[in-house]
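Colleague: let me see the structure of the following:
(one chain, ligands or ions: 2)
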Amino acid sequence: MSLLELTQITRIYKNGQIRIEALKDINLKIEEGDFISIMGPSGSGKSTLLNIIGCLDRPTSGTYEIAGTRIEKMNDSRLADIRNQLIGFVFQSFHLLPDLDAQANVELPLIYRGMGGRERQRRAIKALESVGLGERGHHLPSQLSGGEQQRVAIARAIVGQPRVLLADEPTGALDSKTGENIMAIFQKLNRELGITIVQVTHEENIARYGQRIFHLLDGEIDRIEEVGR
Ligand code: ADP
Ligand code: ADP
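Modeller: Residues are numbered from 1 along each chain as shown. Ligands and ions are numbered 1, 2, ... in the order given. Next comes the predicted model:
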């Protein structure tokens, strides 16, 4: 059984008379432990696909199973539970709360789960250590570089021990050297902790940190590229 399995997924947006088929009949399987990159030109459906994989959006038709659970007919609250249990998100623009220090930002998902303070702190420190920021827990986002802020966001995404890390242009706001450092962290999380990673990027060199690249074109998977090492 694949960790993520999308079968004949279509997503149509309707605005009045205008109908946009953002995804057409997508079939794909992602196995536990994979590191996948999704590439494609602007408007090819990358964000739509990532939002469906991340249970932030639902397909118009088709089926989607996560760890054997069919999700496309679930109500919003069960979908949110699946999301919180299984998926961590990283965004281009970090989305840290500016008035909380790094450690408090990382603790947030655990607060939503009702975890007690001491355990929360322990896990947040461990997550910060795993992205090389063990010494920065009491810095505010404004006192950190862009790369460090993204590492805090990664720590926040993994602190709840998700099965899948989804990243939408995770290096898009960073210079190329810093972007490569973020990819080194993704590789380490993937190899050492076994976290499945799915990232969207338009940068070829960033995409090649994955084991496999799905090339999207006009809402379809145009080509699947195995990255040789
Ligand atoms: P990408 O991430 O590759 O740039 P998107 O998934 O954002 O592509 O968009 C795919 C297509 O769907 C585009 O034609 C885009 O204009 C359209 N689209 C995306 N979101 C919406 C929306 N909320 N309403 C209508 N059309 C949308
Ligand atoms: P940008 O940097 O272009 O604003 P982001 O990478 O921040 O884009 O966000 C990518 C997508 O994720 C957007 O469609 C946005 O609506 C959505 N998003 C951003 N933050 C959250 C969040 N905390 N929870 C769910 N969806 C989010």
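
Colleague: hmm, stretch 14-28 touching ligand 1?
Modeller: Yes - judged by CB under 6 Å from any ligand atom, stretch 14-28 comes into contact with ligand 1 at 15, 20, 22. Bear in mind the C-beta positions are built from the backbone N, C-alpha and C, glycine included.

Colleague: name the nearest of these relative to ligand 1.
Modeller: Relative to ligand 1, the closest of the residues of stretch 14-28 next to ligand 1 is residue 22; by CB to the nearest ligand atom it sits at 3.5 Å.

Colleague: quick one on the thing from earlier: keep only those of the residues of stretch 14-28 next to ligand 1 that are in strands.
Modeller: Residues of the residues of stretch 14-28 next to ligand 1 located in strands (DSSP state E): 15, 20, 22.

Colleague: how about the second one, nearest residue that isn't a chain neighbour?
Modeller: If you skip the residues right next to it in sequence, residue 20 has residue 13 as its closest partner in space, 4.5 Å away by CB to CB, 6 or more residues apart in numbering.

Colleague: list of residues touching whichever strand or helix holds residue 9?
Modeller: Element membership for residue 9 (DSSP states H and E) is strand 4-15. Applying CB atoms under 8 Å, 6 or more residues apart in numbering, the contact partners of strand 4-15 are 19-30, 45, 48, 52-53, 57, 59-66, 164, 196, 198, 219.

Colleague: anything in it near ligand 2?
Modeller: No - counting by CB under 6 Å from any ligand atom, ligand 2 has no neighbours in strand 4-15; the shortest distance is 13.0 Å.

Colleague: so how far is that strand from its chain's centroid?
Modeller: On the basis of CA atoms, centre = their mean, to the nearest Å, strand 4-15 sits 18 Å off its chain's mean C-alpha point.

Colleague: sheet partners, orientation included, of it?
Modeller: Sheet pairing of strand 4-15 (DSSP bridges) gives strand 18-30 (antiparallel), strand 61-66 (antiparallel).

Colleague: deepest in the core, which of these is it.
Modeller: Greatest average neighbour count among the strands paired with strand 4-15 goes to strand 61-66 (a mean of 18), per mean count of other CB atoms under 10 Å.

Colleague: next structured bit after that one?
Modeller: Where DSSP H and E defines the elements, the next helix or strand beyond strand 61-66 is strand 69-70.

Colleague: can you report phi and psi for residue 38?
Modeller: Phi and psi for residue 38, reported as degrees, to the nearest 10, are phi -110, psi 120.

Colleague: does it touch residue 199 like I think?
Modeller: Yes - in terms of CB atoms under 8 Å, residue 38 counts as a neighbour of residue 199; the distance is 7.1 Å.

Colleague: sorry, back to before: how close does the residue nearest to residue 20 get to residue 55?
Modeller: Between residue 13 and residue 55 the distance is 18 Å, computed by CB to CB, to the nearest Å.

Colleague: more neighbours, the two?
Modeller: Of the pair residue 13 and residue 55, residue 55 is the one with more neighbours under other CB atoms under 10 Å, namely 23 against 12.

Colleague: so that one: helix, strand or coil?
Modeller: Here residue 55 is coil, with the state taken from DSSP: H, G, I helix; E, B strand; the rest coil.
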